[in-house]
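got a sequence here, can you build the structure:
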Amino acid sequence: MQHTLLEYIPEKAIPEIIELLDHDKLSVKVKSERKTRHGDYKRLPNGNHQITINSNLNHYRFLITLIHEIAHFEAYKNYGRFIKPHGIEWKRTFQHLMLPFINPEIFPLELLPLLAKHFKNPKASSDTDVKLAYALKQFDVPNDKTFIFEVPLHTSFKIYNGRVFQKGEKRRTRYECVEIKTGKIYLFNANVEVDLITSN
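Numbering: from 1, shown residues only. Reported below is the predicted structural model:
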């Protein structure tokens with residue numbers, strides 16, 4: 001376990017993570033990229049618990065996602081199975097588990113104030129925190145993806161499943177985008193990553 005985790009999370013976080021995962025009914029599996037989620041947690045039919053995390057995440061996003069999923073396990077263990085998945089019990093557990101990691105030995109200085117702000121009221125996904133998600137992306141392997149907020153108005157773009165949209169106006173925190181094929185309007189978070197479609 002320790003050798004595997006060394007590949008995916010900051011080295012200084014290893015001892016604390018090993019301690020959190022020291023439970024004979026909890027296993028962690030690293031999976032190939034899933035477009036719709038960074039990780040997940042589930043209770044297996046045999047009573048064991050399993051966490052899966054995408055292998056393509058940078059060290060800092062992997063660590064946040066891992067603790068997010070450990071918080072699901074801990075909340076289940078402490079409060080039972082009838083709590084809301086991202087309700088107050090999970091939020092408090094996530095905050096408590098994350099606190100020891102928010103320090104400059106583990107995260108770069110530029111991420112610390114964003115993490116501190118985010119964990120005052122953690123959301124179901126850190127991706128909905130546009131500033132934090134954008135800051136975390138700076139540590140990804142470079143790619144040719146573009147954030148929605150960087151796409152010029154009325155420009156066409158393609159999402160992971162091949163559907164094509166045209167960017168429209170911003171409505172509060174999200175952008176109205178028209179699906180070219182159906183004419184339907186969808187709302188996109190500002191930091192969704194898309195492929196620009198350039199005209200020849």
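
so the closest residue in space to residue 158 that isn't next to it in sequence: helix, strand or coil?
Nearest-residue entry for residue 158: residue 195, 4.6 Å, with adjacent residues in sequence omitted and distances by Cβ to Cβ, 6 or more residues apart in numbering. In short, each C-beta sits where N, CA and C put it, glycine included. Three-state assignment for residue 195 (DSSP: H, G, I helix; E, B strand; the rest coil): strand.

name all residues that make contact with residue 195.
By Cβ atoms under 8 Å, 6 or more residues apart in numbering, residue 195 lies in contact with 144, 145, 146, 157, 158, 159.

now those residues in JSON lines, with distance to residue 133 and pLDDT?
Formatted as JSON lines, those follow (distance: Cβ to Cβ, whole Å; pLDDT from 0 to 100):
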{"residue": "144", "distance to residue 133": "18", "pLDDT": "83"}
{"residue": "145", "distance to residue 133": "12", "pLDDT": "85"}
{"residue": "146", "distance to residue 133": "14", "pLDDT": "89"}
{"residue": "157", "distance to residue 133": "17", "pLDDT": "96"}
{"residue": "158", "distance to residue 133": "20", "pLDDT": "95"}
{"residue": "159", "distance to residue 133": "16", "pLDDT": "94"}
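
partner strands of the longest strand anywhere in the chain and their direction?
The residue-count maximum for a strand in the chain (DSSP state E) belongs to strand 164-171. Here strand 164-171 is paired, per DSSP bridges, with strand 156-158 (antiparallel), strand 174-179 (antiparallel).

wait, which of those strands is closest to residue 25?
Among the strands paired with strand 164-171, the nearest to residue 25 by Cβ to Cβ is strand 174-179 (39.4 Å).

now do that closest one, average pLDDT.
Looking at strand 174-179 alone, the average pLDDT works out to 95.

and stretch 9-16, by the same measure?
94.

give me the residues contacting it.
Contacts for stretch 9-16 (Cβ under 8 Å, 6+ apart): 2, 5-6, 17, 59-60, 62-63, 66, 100-101, 105-107.

which of the residues you listed count as buried?
Buried by 16 or more other Cβ atoms under 10 Å: 5, 17, 59, 60, 62, 63, 66, 101, 106, 107, out of the contacts of stretch 9-16.
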